[in-house]
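Q: need the 3D shape of this:
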Amino acid sequence: MSSILTNSNAMVALQTLKSINSNLAKTQAEISTGKSVGSAKDNSALWAISKVMESDVQGFKSISESLSLGESTVAVARQGAETVTDLLTEIKGKIVAAQEENVDRDKIQTDIDALSSQIKSVIGAAQFNGLNLVTGTDNVEVLSSLDRSGSGTVTAANITVQRQDLTTTAGQYGSGASLAANITAGAAAVDSTGAANSLDLTFAGSAANNLTLNINGSSVSVAFDTDAATTVGNLRSAINQLGLTGIAAGGTGAALELTNTNAFEEFTVSWDTNGANTIAVTNNGDTSQDAAAAAGPGSADLVQRAEAVTLSDQAKVNEGDSYRISVGGNDFSYVAGKGETMQDVARGLKTAVDAGNETGVSTKVVQDDSGAWNVLVDYDGSGAGATITLADNGQAGGTASGGLFGLDNINVTTNVGADSALDNIETLIQNSINAAAEFGSAQGRIEIQSDFVGKLTDSLKVGIGTLIDADMEEASARLQALQVQQQLGIQALSIANQSPQSILSLFR
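A: Residues are numbered from 1 along each chain as shown. Sure, this is the predicted structure:
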């Protein structure tokens, strides 16, 4: 049946041509944009994934900029800490030169003061875009990544850079909870004569046996003479004739009192009664060694003149923990910074006491057999009296002392000052070395993360391209095929449109 109203062949040809034109338009769009998925209507799933990944790429570009800024800031801080280390090393050389008395210590002190001023200048200038990592204690967070979970939640990740305070500030003593239990002075006073730490050996007996005594390898032996008092008197004279530096033998009757006026040196004393005679022990420096009269060999410690202020080996040190030693009524404090230990506190307290320039007072930091850190405080008697008072205290909640606390008080113009400066400068050098090492480690980590973010961004771009980029070879071949199909479709539509005209022949 033929109809002049409905041309089904033309309708089929027209639909075919529309489909070909649609595909041709899509192919041309792929070629012109380079994308197979240019909008959500092309492939909503792939388009959505690509847009999420593109947003991540944009975020990682900002992260890369943050890492570059952080790396530059840390690099400046590291260079500053390294420069401070070099300057402190120069100061150490000056201090070592000052150990010799036959030098112009005033000129050396002038050089030390100049180097100290230069250190402060370096610390003040070691900033990048206003951020100085060698002052203060607050950590700095450097944005390092965006972490996307499987559920789509995005969280920011940071690299924490710890500030390293290399200022010379004393800090502010705390007013919080008491920490007095963490610090203990072994005595209430330091006796310059050594009497407070004397070792008393009381001899008893009448047997005709030798009495032998050994002080750190120096041995004396006396024969029993008449009675205990005479025998001990002979022993007393023999010990004093040894000429041991800082050690004196005194006492009366049968009591031998050994005193030690060496600041930071202890001695082991051993004895042997060689028979039935006995010795009773009273150790004023270590009462745990007191012993009742006993015959035969024995030993005890002749402790140093200095008194120990012991810091707990069990307590944790928190930022702001403040500890204080009072010497002769004057308070000397140190406030712990972030990540510090009792060893740092002990060295800080030593530095504080040394900075006070108390007449006749010197200090030393040691670790005892139990692992606890001790600040030894000695007094040589050159002050107003034979003894000085010694006390301690501690409280939380302070503002930390700077890592170069005590630098301002280095004074090599005196023997005591030169001696203490040599010990204290080692602490300051170690603090600056630790700071430079921390910054170096942080800078290395930031560099690694920056390199990773760059490679990750490239990988994401490749992944996005795999999802939505057009295959240009395929698109070119498809374009040519569709162009041929278009031409054939036009011809087919033309033929279909000519079919109704054949009906006119029926009416001729």
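
Q: can you map out the strands along the stretch 51-200 of the chain?
A: Residue ranges of the strands in the stretch 51-200 of the chain, as given by DSSP state E, counting those that start in this stretch, are 127-128, 131-132, 140-148, 154-161, 183-185, 189-191, 199-204.

Q: buried residues, the fifth one. List them.
A: Along strand 183-185, the positions that meet the burial threshold by neighbour count (16 or more other C-beta atoms under 10 Å) are 183, 185. Using the backbone N, CA and C atoms, a C-beta is placed for each residue, glycine as well.

Q: for stretch 400-416, same thing?
A: Of the residues in stretch 400-416, 400-412, 416 count as buried by neighbour count, 16+ other C-beta under 10 Å.

Q: now swap in stretch 153-172 and tell me
A: So stretch 153-172, judged by 16+ other C-beta under 10 Å, has buried residues 159, 161-171.

Q: just give me the closest of these to A228.
A: A170 (56.0 Å; C-beta to C-beta).

Q: picking that back up, which one of the buried residues of stretch 153-172 is nearest L17?
A: If you rank those by distance to L17 using C-beta to C-beta, I159 comes first, at 61.6 Å.

Q: I'd like the next helix or strand past the helix or strand hosting A300.
A: Taking DSSP states H and E as the definition, one finds A300 inside strand 297-302. Next along the chain after strand 297-302, taking DSSP H and E as the criterion, comes strand 307-311.

Q: which neighbouring elements make contact with that next one?
A: On a contact count with 3 or more C-beta pairs under 8 Å, 6 or more residues apart in numbering; DSSP states H and E, strand 307-311 meets strand 183-185, helix 342-355, strand 373-379, strand 387-395.

Q: in a markdown table, list the ones you listed along with mean pLDDT.
A: Listed next are these as a markdown table, based on pLDDT from 0 to 100:
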| stretch | mean pLDDT |
| --- | --- |
| strand 183-185 | 95 |
| helix 342-355 | 94 |
| strand 373-379 | 95 |
| strand 387-395 | 95 |
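
Q: and of those, who's closest to S206?
A: Using C-beta to C-beta as the measure, strand 387-395 is the one of the helices and strands packed on strand 307-311 that comes nearest S206, at 38.9 Å.

Q: buried ones in the closest one, by neighbour count?
A: Buried, per 16+ other C-beta under 10 Å, within strand 387-395: 387-388, 390-395.

Q: for stretch 266-274, same thing?
A: 266-267, 269, 271-274.

Q: nearest to V484 among the residues you listed?
A: E266 (106.0 Å).

Q: show me the beta-bridge partners of A204.
A: T278 (DSSP bridges).

Q: thought it was touching A293?
A: Yes - judged on C-beta atoms under 8 Å, A204 makes contact with A293 at a distance of 5.8 Å.

Q: between these two, what contacts are shared?
A: 278-280 (C-beta atoms under 8 Å, 6 or more residues apart in numbering).

Q: quick one: which of the residues you listed is most hemmed in?
A: Tallying neighbours with other C-beta atoms under 10 Å puts I279 at the head of these, with 26 neighbours.

Q: got the contact list for that one?
A: Contact analysis of I279 by C-beta under 8 Å, 6+ apart lists 201-204, 271, 273, 293-294, 298.

Q: now for the buried residues of stretch 153-172: which two are most distant?
A: The widest separation within these (C-beta to C-beta) is 31.5 Å, between I159 and A170.

Q: so where is the stretch 401-508 of the chain shaky, pLDDT-wise?
A: Scanning the stretch 401-508 of the chain for pLDDT under 70 picks out 508.

Q: now do the strands in it.
A: According to DSSP E, counting those that start in this stretch, the stretch 401-508 of the chain contains no strands.

Q: what do you get for the stretch 201-350 of the chain?
A: Per DSSP E, counting those that start in this stretch, the stretch 201-350 of the chain carries strands over the ranges 211-215, 218-222, 247-250, 255-260, 267-272, 278-283, 291-295, 297-302, 307-311, 322-327, 330-335.

Q: what sits against V232?
A: So V232 contacts 203, 211, 251, 253-256 (C-beta under 8 Å, 6+ apart).

Q: for it, give its distance to Q491.
A: For V232, the distance to Q491 equals 138 Å [C-beta to C-beta, to the nearest Å].

Q: returning to that earlier point: just the buried members of the contacts of I279?
A: 201-204, 271, 273, 298.

Q: can you put the residues you listed in CSV and add pLDDT and distance to I429?
A: Shown next, in CSV, are those (pLDDT from 0 to 100; distance: C-beta to C-beta, whole Å):
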residue, pLDDT, distance to I429
L201, 94, 45
T202, 94, 49
F203, 93, 51
A204, 91, 55
W271, 93, 45
T273, 89, 52
G298, 92, 45
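
Q: ok, those vs G38, which is closest?
A: Nearest to G38, judged by C-beta to C-beta, of the buried ones among the contacts of I279 is G298 at 98.2 Å.

Q: leaving out the residues flanking it, which one is nearest to that closest one?
A: In space, and not counting its chain neighbours, G298 is closest to W271: 5.7 Å by C-beta to C-beta, 6 or more residues apart in numbering.

Q: identify the bridge partners of the one you found.
A: With DSSP bridges as the criterion, W271 is bridged to L213, G298.

Q: make 46 the first number, not 1, from now on.
A: Got it, first residue is 46 now, which makes that one W316.

Q: residue contacts, it?
A: Contacts of W316 (C-beta under 8 Å, 6+ apart): 246, 256-259, 324, 342-344.

Q: next: S113.
A: By C-beta under 8 Å, 6+ apart, the contact list for S113 reads S495.

Q: so where's this structure uncertain?
A: 46-47, 553.

Q: what about G401, neighbour count?
A: Neighbours of G401 (other C-beta under 10 Å): 16.

Q: so it versus Y379, what's the distance?
A: Taken as C-beta to C-beta, the span from G401 to Y379 is 12 Å.

Q: next one: N254 from L280, what distance?
A: On the measure of C-beta to C-beta, N254 and L280 end up 13 Å apart.

Q: which residue packs closest to the spatially most central residue of the chain, ignoring adjacent ones?
A: What sits nearest the mean C-alpha location of the chain, by C-alpha atoms, centre = their mean, is G384, with 5.8 Å. Leaving aside its sequence neighbours, G384 sits nearest to Q207 (C-beta to C-beta, 6+ apart; 7.2 Å).

Q: correct me, but that neighbour touches S486?
A: No - the pair Q207 and S486 fails to qualify as a contact (C-beta under 8 Å) at a distance of 9.8 Å.

Q: could you give the bridge partners of V406?
A: Y424.

Q: burial measure for I284, as a count.
A: Residues near I284, counting by other C-beta under 10 Å: 22.

Q: contacts only, for it.
A: 258, 260, 265, 292, 294, 301, 303.

Q: quick check: it vs A142, distance?
A: Look at I284 and A142: by C-beta to C-beta, they are 39 Å apart.
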